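Engineer: this one's sequence-less:
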């Protein structure tokens, strides 16, 4: 059998264009992605069945009005809060599943409440603790 070559020797041989046969480790190159895809499809189905609470259209309208009153596009607002424009679009159309962190950032960016009973009311910005 061929003498076992050091990685350097193999690389040198490959650079010279020689055919180098190295033993393949089992399953090393196999694509394991397909397991993930199955799970995501399953997750999608569960999401459909569970009907998570989506952002209400009321909240979406408030975001839109607040954003427009500040003269911001969806992209501007997204950039401001460090999210993708699609996130803003989803919130405004009521497709998003509310995320408190994102909601908080949007509230601060547009200065309007999006949660609780005072939706659409100006955000009382207390003294900044900085």
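Structural biologist: That came through, no problem. Since the structure is predicted, the reported quantities are computational estimates derived from the model, not experimental observations. Numbers count the residues shown, from 1 in each chain.
Engineer: buried stuff in stretch 94-103?
Structural biologist: 96, 102, 103 (16 or more other CB atoms under 10 Å). Every residue, glycine included, has its C-beta placed from N, CA and C.
Engineer: With secondary structure added, can I get those residues in JSON lines?
Structural biologist: Listed next are the buried residues of stretch 94-103 as JSON lines, based on DSSP: H, G, I helix; E, B strand; the rest coil:
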{"residue": "96", "secondary structure": "coil"}
{"residue": "102", "secondary structure": "helix"}
{"residue": "103", "secondary structure": "helix"}
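Engineer: export the residues you listed to JSON lines and tack on pLDDT and distance to residue 113?
Structural biologist: As requested, the buried residues of stretch 94-103 are exported to JSON lines (pLDDT from 0 to 100; distance: CB to CB, whole Å):
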{"residue": "96", "pLDDT": "91", "distance to residue 113": "17"}
{"residue": "102", "pLDDT": "95", "distance to residue 113": "14"}
{"residue": "103", "pLDDT": "95", "distance to residue 113": "10"}
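Engineer: In a markdown table: the residues you listed, plus distance to residue 116.
Structural biologist: Shown next, in a markdown table, are the buried residues of stretch 94-103 (distance: CB to CB, whole Å):
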| residue | distance to residue 116 |
| --- | --- |
| 96 | 18 |
| 102 | 16 |
| 103 | 10 |
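Engineer: any idea which of these is closest to residue 121?
Structural biologist: Among these, residue 103 lies closest to residue 121 (CB to CB), at 14.5 Å.
Engineer: my guess is residue 89 contacts residue 74, does it?
Structural biologist: Yes: with contact defined as CB atoms under 8 Å, residue 89 counts as touching residue 74 (5.6 Å).
Engineer: In terms of neighbours, single out the busier of the two.
Structural biologist: Higher neighbour count among residue 89 and residue 74: residue 74, with 19 against 15, using other CB atoms under 10 Å.
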